[in-house]
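Peer 1: let me see the structure of the following:
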Amino acid sequence: MSNPANLAHAFVDALNQHDVSLFDSFISAETYINHNAFVDDGIDNAKATFAMFFQAFPDFAVTAEDVMIAGDKVIGRFTYTGTHQGNFMGNIPTGNTIHMRSIDIWRVQDGKFVEHWDELNTLEFFGQLGAVPQVAA
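Peer 2: Predicted structure coming up:
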């Protein structure tokens, strides 16, 4: 992909299609480093994580709020929604609607993501699942 911003949009498309096989088109299988406490390095771990989301939240959807380029980095701000209908990280289905936000930064090399950092509203997210007390808004 000649425009690195297209990689972030390919990420959104793959998630909205619930098709982790599409990750091969924008994530480097050889060198993907993931700086996320919940996801180990490697494309297969990224695929497994999102497959788990699709199972637990069958209506899982993502919106790209912003996508920017800075040197060899792609930065995106995303909103995720879904209904908790399957087990998720030991949390039984609640039927609750979740709203998760992230700011993701990917380093691009040879036209693919090779490294990833993110910031997530995990406390609020797990509160929506009933795993921790809700945080007052």
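Peer 1: for the spatially most central residue of the chain, which non-adjacent residue is closest in space?
Peer 2: In the chain, the residue lying closest to the centroid (CA atoms, centre = their mean) is F50, at 6.9 Å. Leaving out its chain neighbours, the residue that sits closest to F50 by CB to CB, 6 or more residues apart in numbering is V20, at 5.4 Å. Where you see a C-beta, it was placed from the backbone N, CA and C, and this is true even at glycine.
Peer 1: what about the one you found, how many neighbours?
Peer 2: 20 (other CB atoms under 10 Å).
Peer 1: I figured it hits M52, correct?
Peer 2: No - contact criterion CB atoms under 8 Å: V20 and M52 do not qualify, at 10.2 Å.
Peer 1: hey, C-alpha coordinates of stretch 42-60 in PDB?
Peer 2: This file holds the C-alpha atoms of stretch 42-60, laid out as PDB (Å, rounded to 0.1, in the frame of the first residue of the first chain):
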ATOM      1  CA  GLY A  42       3.400 -11.900  16.300                       C
ATOM      2  CA  ILE A  43       0.600 -11.700  13.700                       C
ATOM      3  CA  ASP A  44      -0.900 -15.000  14.900                       C
ATOM      4  CA  ASN A  45      -1.400 -13.500  18.400                       C
ATOM      5  CA  ALA A  46      -3.000 -10.400  16.900                       C
ATOM      6  CA  LYS A  47      -5.300 -12.600  14.900                       C
ATOM      7  CA  ALA A  48      -6.200 -14.700  17.900                       C
ATOM      8  CA  THR A  49      -7.000 -11.700  20.000                       C
ATOM      9  CA  PHE A  50      -9.400 -10.200  17.500                       C
ATOM     10  CA  ALA A  51     -11.000 -13.600  16.800                       C
ATOM     11  CA  MET A  52     -11.700 -13.700  20.600                       C
ATOM     12  CA  PHE A  53     -13.400 -10.300  20.300                       C
ATOM     13  CA  PHE A  54     -15.500 -11.500  17.400                       C
ATOM     14  CA  GLN A  55     -16.700 -14.600  19.300                       C
ATOM     15  CA  ALA A  56     -17.500 -12.600  22.500                       C
ATOM     16  CA  PHE A  57     -19.000  -9.600  20.600                       C
ATOM     17  CA  PRO A  58     -20.700 -10.900  17.500                       C
ATOM     18  CA  ASP A  59     -21.700  -7.400  16.400                       C
ATOM     19  CA  PHE A  60     -18.200  -6.000  17.100                       C
END
